[in-house]
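In: pasting a predicted model and its sequence here:
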Amino acid sequence: MRWRSKKESATEKGPSLERWLLTYADMITLLMVFFVMMYTISTVNADKFRALAENLSMVLTGSPPAGIMEEGTNTPIPELTGEAKHLADLQQDLNEFIAKEKLGKQITVDLEERGLVVRFQATILFARGSAELTPEARKIIGRVGDKLTDLPNYIRVEGHTCDLPINTPRYPSNWELSTARATNVLQELISSCNISPERLSAIGYGEYRPRVPNINESNRQINRRIDIVILRTKYDEVEPHNENPDA
């Protein structure tokens, strides 16, 4: 019978110990993922849950879930669902309208974290220093607003100016001008498109939310704008609600 040395015994025990540690680490990782998933499910909507499920699948299996492939492959990516699809479809619909009417230099549509932003250059809606919608502006607002009528989302109209000061009896500063412009667009959405007032709000930012630095007239034209923001429903809980609908 051959006696094993301590060194040989330690060598034989090494792999067994390592396998035990790997199994333990895998179990802890899976438990952590499970509890994170359970916590997240309690606070997210269906779209977020779908994204979470896809990410978990990639973490646990090391490969994308069925139907999702890297860019450049021939496998199609599945269609969006829920609110994400509605906003994407609306963006496409609005872009088709803008292209047809040749308004691409005056109106843009961007999908942002807060929602879908329909951005109008002020020159297509108002005369310089005025908050009164032109007849052509009313038609454009009406056409855009018709596409928003059936949406359940809150809609916020935001007025912006450049940094050039204004001081008239009607508009003592850019605050009043930007707010008046946003309010007039809001009123047009109500009167022309029958959008429920409960879904609408208006806000004026003056010159304090520029998109680009106000260093020349070209940039100032970009900053003078009206944004119609179709807010994602995940922000509904932070929007003020009417506690008494019959009031």
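Out: Arrived safely, thanks for sending.

In: neighbours of residue 180, how many?
Out: Applying other Cβ atoms under 10 Å, we find 19 residues neighbouring residue 180. Quick note: C-beta positions are derived from backbone N, CA and C, even for glycine.

In: before we move on, what about residue 212?
Out: Counted with other Cβ under 10 Å, the neighbours of residue 212 add up to 13.

In: then residue 99?
Out: 10.

In: and the helix or strand hosting it, C-alpha only, in CSV?
Out: Per DSSP states H and E, residue 99 falls inside helix 82-100. Extracted in CSV, the C-alpha atoms of helix 82-100 (Å, rounded to 0.1, in the frame of the first residue of the first chain):
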residue,chain,number,x,y,z
GLY,A,82,-47.6,48.6,-25.7
GLU,A,83,-46.9,52.2,-25.3
ALA,A,84,-43.5,52.1,-27.0
LYS,A,85,-45.2,50.9,-30.2
HIS,A,86,-47.9,53.5,-30.0
LEU,A,87,-45.4,56.3,-29.7
ALA,A,88,-43.2,54.9,-32.4
ASP,A,89,-46.2,54.6,-34.7
LEU,A,90,-47.2,58.2,-33.9
GLN,A,91,-43.7,59.4,-34.6
GLN,A,92,-43.8,57.7,-38.0
ASP,A,93,-47.2,59.1,-38.8
LEU,A,94,-46.2,62.6,-37.9
ASN,A,95,-42.9,62.4,-39.9
GLU,A,96,-44.9,61.3,-42.9
PHE,A,97,-47.2,64.3,-42.5
ILE,A,98,-44.2,66.6,-42.1
ALA,A,99,-42.5,65.2,-45.2
LYS,A,100,-45.7,65.4,-47.3
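
In: helices or strands up against whichever helix or strand comes after that helix?
Out: Going down the chain from helix 82-100, the next helix or strand is strand 107-112, by DSSP H and E. Here strand 107-112 is seen to pack against helix 82-100, strand 115-121 when contacts are counted using 3 or more Cβ pairs under 8 Å, 6 or more residues apart in numbering; DSSP states H and E.

In: in this structure, which spans are strands?
Out: In the chain, the strands defined using DSSP state E lie at 107-112, 115-121, 155-160, 200-204, 225-231.

In: list the contacts for residue 181?
Out: Contacts for residue 181 (Cβ atoms under 8 Å, 6 or more residues apart in numbering) come out as 122, 125-126, 131, 159, 204, 226.

In: just the buried ones from these, in PyMOL syntax?
Out: To isolate the buried members of the contacts of residue 181 in PyMOL, using 16 or more other Cβ atoms under 10 Å:
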select buried, resi 122+125+126+131+159+204+226
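
In: now, which of the contacts of residue 181 sits nearest residue 179?
Out: residue 204 (3.0 Å; Cβ to Cβ).

In: hmm, residue 185 and the closest one touching each other?
Out: No: if you go by Cβ atoms under 8 Å, residue 204 and residue 185 don't touch, sitting 11.2 Å apart.

In: overlap of the contact sets of these two?
Out: Common contact partners of residue 204 and residue 185 (Cβ under 8 Å, 6+ apart): residue 159.

In: without its sequence neighbours, what residue ends up closest to residue 97?
Out: Closest residue to residue 97 apart from its sequence neighbours, by Cβ to Cβ, 6 or more residues apart in numbering: residue 143 at 6.6 Å.
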